[in-house]
Structures are given as structure tokens and as C-alpha cells.
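Q: return a 3D structure for these sequence lines:
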Amino acid sequence: MKNNDLIQVVFTEEELTENNTHLDALLTAVTKNAPELSSEERTRYGKIGGSNKLLVGKAHLFMQQNPSLVPAFVSMEEFARDFKARKEIEGMIQKLELITRRLSDTKILLDNDNYNDAMAFYRAIRYYAGEQEQMAIPIYEEMKQFFPHGKKKEEVSANTEK
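A: This is a model prediction of the structure:
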């Protein structure tokens, strides 16, 4: 029998507890310093793209090299703190994106395994129902709702025969 199992993942209870504890702790830590913007605020403030990041980086460099040219209303101390925090957060986001990507890829493989096994089960149930296996008929009747295109073919055949 063909095995379509692309991946095997088994978390122990300890691993699940540990992972969720770490995620909860990270969420708690981030909540202290990271506000949650509304949709309107996200639109209003946006995020800077690549060329604007270069502008900010270059301004930071020139401001450090030429402090006498920095306007009095711009706090170099605050700018430097924001600049540093932004770089630190960007590093954290990259790590989180890597974790998210790996978990997402793992989920894709698991979903594929589940789908292929479910389809194999459905094909077997459809066969058994066709052979009038009493236990299979109600299962087939319930599962065939996920394949509405089959009904149209049956209806067309029934209407053509009339």
C-alpha cells in the first residue's frame, strides 16, 4: 500500500507546554512595550519602505557626525533610542517570521497528509457503499456533500434519460 505520509510530527505534552509557555511569555513581554494599532492608525502611520529606511539610516549617520546641524526640536537622544529599538525589533520580527514560516510549512505538509488520507478513506467508503455495505452507506451519504459536482452529473444524467 502506498504511503503518502510527507511528515510525521509528534509533540510531547512537555514540548507543547514548554512551547506555549514561551509563546505566552513572549506575548506578555511584547505587550509591555508594543502598542496595538487600530486599522486606521496602521493606515495613518504606515511603514517605511526600503528607500525610506536608507534615508533614515543616512540621516542617523549624518546626525551623529554633525550634531551641530541637528535642529533643536529634534532630540538626538530620542532619535537614537528609537533607531536602536527599531533595529532590535526588526531582528525579532525576522526570527518570528522564520518560526511562522517553518510552522506554516509543517502545517501545509500535515494538511496534505490529512487530505490524502481523507480522500483515500472517502474512495473506500464510496466503494463499500456501492457494494451496499450497510455501515458505509450513511457515512458515504454524509461525506458526498463535499463533492457537489458529482450531483450535477447525476442530475444531468437523470434529466437526459427522461
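Q: please make it C-alpha for all contacts and neighbour counts, starting now.
A: Fine.
Q: now for the protein, the helix or strand with the poorest mean pLDDT.
A: In the chain, no helix or strand scores lower on mean pLDDT, DSSP states H and E than helix 148-161, which sits at a mean of 59.
Q: give me the contacts around the strand or helix carrying residue 60.
A: Assigned by DSSP states H and E, residue 60 belongs to helix 50-65. With contacts defined as Cα atoms under 8 Å, 6 or more residues apart in numbering, helix 50-65 is touched by 69, 70, 76, 80.
Q: excluding its backbone neighbours, what's nearest the first one?
A: The reference is to residue 69. residue 63 (7.2 Å; Cα to Cα, 6 or more residues apart in numbering).
Q: any idea which element residue 80 lies in?
A: Using DSSP H and E, residue 80 falls in helix 76-130.
Q: for that helix, name the packing helices and strands.
A: The contact analysis (3 or more Cα pairs under 8 Å, 6 or more residues apart in numbering; DSSP states H and E) places helix 76-130 against helix 136-143.
Q: what does the helix it packs on contact?
A: 122, 125, 126, 128, 129.
Q: check what pLDDT the residue nearest to the spatial centre of the chain gets.
A: By Cα atoms, centre = their mean, the mean C-alpha position of the chain lies nearest to residue 104, the distance being 5.6 Å. On the pLDDT scale, residue 104 is placed at 98.
Q: how about it, what does it touch?
A: By Cα under 8 Å, 6+ apart, residue 104 has no neighbours at all.
Q: so where's the chain shaky on pLDDT?
A: 1-3, 150-162 (pLDDT under 70).
Q: kind regards, and thank you for your time.
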